[in-house]
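Undergrad: fold the following, please.
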Amino acid sequence: MPRKRQSTKSRIVKAAWNLFYKNGYDHTTVEDIIAASKTSKGTFYHYFKGKESLLNSLSYLFDQKYEELAAVIDPDMSSYDKLLFSNHELFYMIETSVDIKLLAYLYSSQLITKDKKSLSDRKRFYFKWVTEVLQEGLERGEFKNTSSADELMNIYAIYERALLYDWVLFKGKYSLSEYSDKLMPHLLDTFVEGV
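TA: This next block holds a predicted model:
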């Protein structure tokens with residue numbers, strides 16, 4: 001299967017967040033981002049008004065990770081295991097490549113913004129793909145059909161946001177992925193037993 005070519009916008013986002021993580025937000029310039037993403041100034045400003053507008057693109061970076069995982073995950077794997085695997089991989093990426101201060105800023109800005117709330121946008125790949133995995137789990141009888149896939153998706157998203165929020169609140173003093181590896185099975189067991 002041919003590998004999907006990374007879009008220019010996603011190259012800019014990925015380069016920016018790598019630089020934010022390595023150098024800090026304040027020490028990263030638009031010129032640094034342009035050079036790292038191998039784009040032009042005009043191309044950068046076509047997609048973003050400035051460095052600040054990249055802060056809201058973190059959910060885009062999360063979706064990119066989920067798209068990568070969806071492309072490589074074994075389709076015969078149980079829905080339960082797909083969710084555990086994807087959660088672990090996303091949280092590991094976050095703890096090893098996302099500046100925790102920027103994550104805190106994103107979460108706080110989502111609470112007060114009058115603009116679109118990117119983390120809760122149901123059109124995101126994250127919501128679509130995880131809902132598909134949950135629906136598959138319901139159809140295979142892995143999860144008890146006392147709730148719809150959409151209802152399970154809401155619970156799953158709340159749980160992930162809570163784990164992320166708590167990790168940020170405690171300034172990353174523990175491993176996000178290891179902590180989630182311990183807790184996520186409890187949520188998924190609830191799906192198996194019925195909510």
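Undergrad: the bottom helix or strand of the protein by mean pLDDT?
TA: Counting by mean pLDDT, DSSP states H and E, the chain has its least confident helix or strand at helix 100-112, which shows a mean of 75.
Undergrad: check contacts around the most centrally placed residue in the chain.
TA: By Cα atoms, centre = their mean, the chain has its centre lying nearest to Phe62, at 2.7 Å. With contact set as Cβ atoms under 8 Å, 6 or more residues apart in numbering, Phe62 has these partners: Leu90, Ile94, Tyr126. To be clear about C-beta, it is placed using only N, CA and C from the backbone, and glycine gets the same treatment.
Undergrad: go again using 10 Å as the cut-off
TA: Residues near Phe62 by Cβ atoms under 10 Å, 6 or more residues apart in numbering: Leu90, Met93, Ile94, Val98, Ser118, Leu119, Arg124, Phe125, Tyr126, Glu160, Leu164.
Undergrad: and the helix or strand following the least confident helix or strand of the chain, what does it pack onto?
TA: Counting by DSSP states H and E, the next helix or strand C-terminal to helix 100-112 is helix 125-139. Packed against helix 125-139, as judged by 3 or more Cβ pairs under 10 Å, 6 or more residues apart in numbering; DSSP states H and E, are the following elements: helix 58-72, helix 79-97, helix 149-169, helix 176-193.
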